[in-house]
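Novice: Predicted model and sequence below, questions to follow.
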Amino acid sequence: MVMQTDIPWSLLRHQVIKNCPTIVRGIERFCFCCAVSNGAQRSWVVHSSADTFERCWQQLQQHCTELVAAKNLTVVYLRIDWVTAATPLKIHELVKILRNTKRNYYRFGLAFDHELQQLYTEQELNANALLYAGSNISYCQLNPHNFDVYQQRRFAKKLPNPCELGPDQPVWQLETQGVFLDTDGQVHLLYPSGPNASRRQLPELTDRQLGSIINQASDYLAKQVQVDGRYHYGVFPCFHRPIQTYNTLRHASSTYALIEAFEFTPRPDVRSAIERALQALTQQMLLYKTDASGQRLAFLQDERNEIKLGGNALCLLALCKYTEVTGSHHYQPLMQQLAAGILSMQNPSNGRFVHVLNSDDFSVKQEFRIIYYDGEACFALLRYYAISQQQRWLDAAALAFDDFIAREHWKSHDHWLSYSINELVKYRPEAKYFQFGLQNVMGYLDFVIERITTFPTLLELMMAAQQLILKLEQHPELEHLMKDVDMDKFYFAMHRRAEHMLNGFFWPELAIFYRQPDKIIGSFFIRHHAFRIRIDDIEHYLSGYIAYLNFLQTQAKLT
């Protein structure tokens with residue numbers, strides 16, 4: 001990290017005055033907030049409020065200088081926000097608004113007095129869980145304990161707890177915008193209140209920017225692989241609480257994505273992390289069985305003594321990807337055993353898979369659990385077929401897909417089904433398979449466009465569908481399948497989803513408000529799950545963005 005030895009106040013002032021409104025709409029005052037972070041700790045926040053820009057700016061600069069001295073802070077990051085509008089409400093009106101807002105999706109600041117003295121930016125509210133009432137509450141709600149804790153840190157004095165105010169007490173809902181001073185001395189203009197709030201403005205997502213994001217996230221994921229090959233599974237960053245559970249299926253799928261990232265940008269530290277993760281996967285997490293014919297089968301064992309169809313599939317996919325990228329044949333025998341394990345969970349007469357077995361005796365625990373497993377199993381068999389060229393893997397996948405078609409699996413709009421159908425048509429370019437792939441995505445475009453959560457698997461779905469459409473264009477005899485496809489809407493949805501997913505990236509301008517910024521910068525999170533960072537969350541963002549970047553680079557070559 002680069003330390004800011006001297007805060008460039010004149011540069012910051014120029015950026016603020018250029019973008020700040022002449023007066024705060026709804027309260028007729030100026031209000032500035034400054035967040036300062038040493039990179040290792042949650043940022044400290046001060047603010048100022050006055051009737052003129054100059055008076056407000058001078059107060060802010062003074063408050064910030066005093067803060068840095070009092071806390072003996074080494075300034076690594078600095079962010080300044082200004083209030084652009086203040087909407088007066090009553091507490092009971094705010095409570096109603098919060099109840100109708102998805103948890104962690106309240107995108108405004110709050111002030112509890114007209115002079116804006118007791119004020120919290122949106123970032124403070126969310127990063128300190130001031131509006132979070134627990135995982136069992138789906139909407140926003142004032143949290144009295146967290147307000148008490150944070151107010152003492154923020155203001156260093158006892159203030160009225162907003163949760164104890166009467167229903168008719170006034171409160172102001174704040175819209176803001178800001179600038180951020182990065183470690184390289186560059187000042188970024190941030191988006192105003194709304195879906196993109198908290199991050200730097202990017203007029204256009206370029207190859208270079210997206211490549212940097214992918215590399216940062218893959219570096220983060222690689223660093224989660226411990227010496228023994230197991231991952232630091234995840235963390236809730238507001239208070240940096242580790243996730244205590246573990247899931248070997250997600251271990252396998254995250255390693256698959258890490259191999260994709262290594263293929264994108266080969267780096268020794270990422271390769272080393274992959275090797276450790278695969279060693280743990282293959283030496284510590286597998287069970288073996290010999291069937292009646294003497295064939296050896298391998299299975300991935302997961303929590304609760306379960307064998308999941310999807311676990312075997314993701315393990316096989318990771319090994320296939322490793323083989324494809326490195327050229328190593330080390331895992332060839334194991335890959336066949338895993339594939340045979342998948343086939344042992346398939347009914348050979350109708351192609352239907354059993355989803356979960358008991359690991360102690362390989363008996364059926366659950367016929368069906370989740371749609372993901374079906375697509376994962378077919379995708380793995382088809383990827384392994386590409387390596388082994390043994391017909392039985394292709395036949396098994398095709399048989400399963402005939403069952404999926406009969407049961408209208410496309411109604412689930414699952415990205416794994418798109419991955420697998422995109423693979424299947426390489427070998428069997430039949431109308432029914434293309435039709436399934438199109439149905440799996442085309443009726444879902446409005447959801448892809450409008451979904452408020454970042455939902456990274458939607459980009460994976462779109463990118464697999466885009467590859468399927470390219471393959472379909474090579475078969476003019478099937479062009480009738482495209483007659484009702486709105487390609488303009490398709491590409492709009494794809495780009496819209498890629499852009500919106502940037503709101504799930506821990507930019508430093510957002511990370512500084514959390515307990516340990518340097519431990520989360522460059523990762524991806526799931527906002528409505530308490531900003532959760534989990535290895536499989538990183539996985540899905542990575543896979544989607546790598547495919548999207550490949551698309552952008554291909555398009556650039558064509559033009």
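Specialist: Cool, got the structure.

Novice: What's the first helix or strand after the strand or helix carrying residue 217?
Specialist: Assigned by DSSP states H and E, residue 217 falls within helix 207-223. Using DSSP H and E, the helix or strand that follows helix 207-223 towards the C-terminus is strand 234-236.

Novice: picking that back up, against which helices or strands is the helix holding residue 217 packed?
Specialist: If contacts are counted by 3 or more CB pairs under 8 Å, 6 or more residues apart in numbering; DSSP states H and E, helix 207-223 sits against helix 248-264, helix 268-284, helix 535-558. Glycine gets a C-beta too; all of them are placed from N, C-alpha and C.

Novice: rerun that using 6 Å as the cut-off
Specialist: With contacts taken as 3 or more CB pairs under 6 Å, 6 or more residues apart in numbering; DSSP states H and E, helix 207-223 sits against helix 268-284, helix 535-558.

Novice: Please spell out which residues along the shortest one are buried.
Specialist: Neighbour-count burial for helix 268-284, with 16 or more other CB atoms under 10 Å as criterion, is recorded at 270, 271, 273, 274, 276, 277, 278, 280, 281, 282.

Novice: pLDDT at the fifth one, what is it?
Specialist: It stands for residue 276. Note for residue 276: predicted pLDDT of 98.

Novice: Next: the third one.
Specialist: Reading off the confidence values, residue 273 has pLDDT 98.

Novice: Would you confirm that it contacts residue 225?
Specialist: Yes: contact status for residue 273 versus residue 225: in contact at 4.0 Å, counting by CB atoms under 6 Å.

Novice: list the residues that contact both of those two?
Specialist: Counting by CB atoms under 6 Å, 6 or more residues apart in numbering, residue 273 and residue 225 have no common neighbour.

Novice: what's residue 521 in contact with, if anything?
Specialist: Going by CB under 6 Å, 6+ apart, residue 521 touches 506, 508, 511.

Novice: and of those, the nearest to residue 90?
Specialist: Checking the contacts of residue 521 against residue 90 by CB to CB gives residue 511 as the nearest, at 33.9 Å.

Novice: do you know how far the closest one is from residue 39?
Specialist: 9 Å (CB to CB, to the nearest Å).

Novice: cool, residue 244 as well?
Specialist: Distance from residue 244 to residue 39, by CB to CB: 27 Å.

Novice: between these two, which one's more packed in?
Specialist: Remark: of residue 244 and residue 39, residue 39 carries more neighbours, 21 against 7, as counted by other CB atoms under 10 Å.

Novice: my read: residue 541 touches residue 524, true?
Specialist: Yes: Residue 541 lies in contact with residue 524 (CB under 6 Å); the separation is 4.2 Å.

Novice: Just give me how far whichever strand or helix holds residue 509 sits from the chain centre.
Specialist: Assigned by DSSP H and E, residue 509 falls within helix 508-511. Centroid separation for helix 508-511 versus its chain: 15 Å, with CA atoms, centre = their mean, to the nearest Å.

Novice: Pull it out as CSV, backbone CA atoms only.
Specialist: Below are the C-alpha coordinates for helix 508-511, written out as CSV (Å, rounded to 0.1, in the frame of the first residue of the first chain):
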residue,chain,number,x,y,z
PRO,A,508,-11.3,0.2,-1.8
GLU,A,509,-13.7,3.1,-1.6
LEU,A,510,-16.3,0.7,-0.2
ALA,A,511,-14.1,-1.7,1.7
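
Novice: list the buried ones in stretch 119-136?
Specialist: Of the residues in stretch 119-136, 119-133 count as buried by neighbour count, 16+ other CB under 10 Å.

Novice: Stretch 74-85 now?
Specialist: 75, 76, 77, 78, 79, 80, 81, 82, 83, 84, 85.

Novice: Paired strands for whichever strand or helix holds residue 298, with orientation please.
Specialist: In the assignment (DSSP H and E), residue 298 maps to strand 296-302. Using DSSP bridges, the strands paired with strand 296-302 are strand 286-290 (antiparallel), strand 306-308 (antiparallel).

Novice: what's the most buried one of those?
Specialist: Compared across these, strand 306-308 shows the largest average neighbour count, a mean of 24 (mean count of other CB atoms under 10 Å).

Novice: and residue 137, what is it in contact with?
Specialist: With CB under 6 Å, 6+ apart as the criterion, no residue contacts residue 137.

Novice: Kindly apply the preceding question to residue 436 instead.
Specialist: Contacts of residue 436 by CB under 6 Å, 6+ apart are 405, 410, 421.

Novice: Could you find the closest non-adjacent residue to the last one?
Specialist: Counting by CB to CB, 6 or more residues apart in numbering, the nearest residue to residue 421 once its immediate chain neighbours are dropped is residue 437, at 4.2 Å.

Novice: Which secondary structure state does the one you found sit in?
Specialist: Assigned with DSSP: H, G, I helix; E, B strand; the rest coil, residue 437 falls in the helix class.

Novice: what's the burial count for it?
Specialist: So residue 437, with other CB under 10 Å, has 26 neighbours.

Novice: now the helices: where do they sit in the stretch 351-500 of the chain?
Specialist: 372-388, 391-406, 415-427, 431-442, 445-450, 457-472, 487-500 (DSSP state H, counting those that start in this stretch).

Novice: residues in contact with the last one?
Specialist: It refers to helix 487-500. By CB under 6 Å, 6+ apart, helix 487-500 touches 445, 448, 449, 458, 459, 462, 548.

Novice: Got a PyMOL select line for the buried ones in those residues?
Specialist: To isolate the buried ones among the contacts of helix 487-500 in PyMOL, judged by 16+ other CB under 10 Å, type:
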select buried, resi 445+448+449+458+459+462+548
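
Novice: any chance of the contacts of helix 487-500 in TSV, plus distance to residue 329?
Specialist: Compiled in TSV, the contacts of helix 487-500 are given as follows (distance: CB to CB, whole Å):
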residue	distance to residue 329
445	42
448	39
449	44
458	36
459	33
462	34
548	31
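
Novice: quick revisit: most neighbours of all the contacts of residue 521, which one?
Specialist: Neighbour counts for these (other CB under 10 Å) peak at residue 511, which has 27 neighbours.

Novice: Can you give the strand pairings for the helix or strand harbouring residue 175, parallel or anti for each?
Specialist: According to DSSP H and E, residue 175 maps onto strand 170-181. Sheet pairing for strand 170-181, assigned by DSSP bridges, gives strand 77-90 (antiparallel), strand 109-111 (antiparallel), strand 187-189 (antiparallel).

Novice: What mean pLDDT does the last one get?
Specialist: Okay, so that is strand 187-189. On average, the pLDDT along strand 187-189 is 96.

Novice: Verify the stated contact: the residue nearest to residue 421 with residue 469.
Specialist: No: if you go by CB under 6 Å, residue 437 and residue 469 don't touch, sitting 8.5 Å apart.

Novice: Can you tell me the element residue 33 falls in?
Specialist: Using DSSP H and E, the secondary-structure element containing residue 33 is strand 30-37.

Novice: and that strand, what other elements does it pack with?
Specialist: Here strand 30-37 touches strand 44-50, helix 53-70, strand 77-90, going by 3+ CB pairs under 6 Å, 6+ apart.

Novice: Including mean pLDDT and distance to residue 114, could the ones you listed go into CSV?
Specialist: Formatted as CSV, the helices and strands packed on strand 30-37 follow (pLDDT from 0 to 100; distance: least, CB to CB, whole Å):
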stretch, mean pLDDT, distance to residue 114
strand 44-50, 96, 10
helix 53-70, 95, 15
strand 77-90, 95, 8
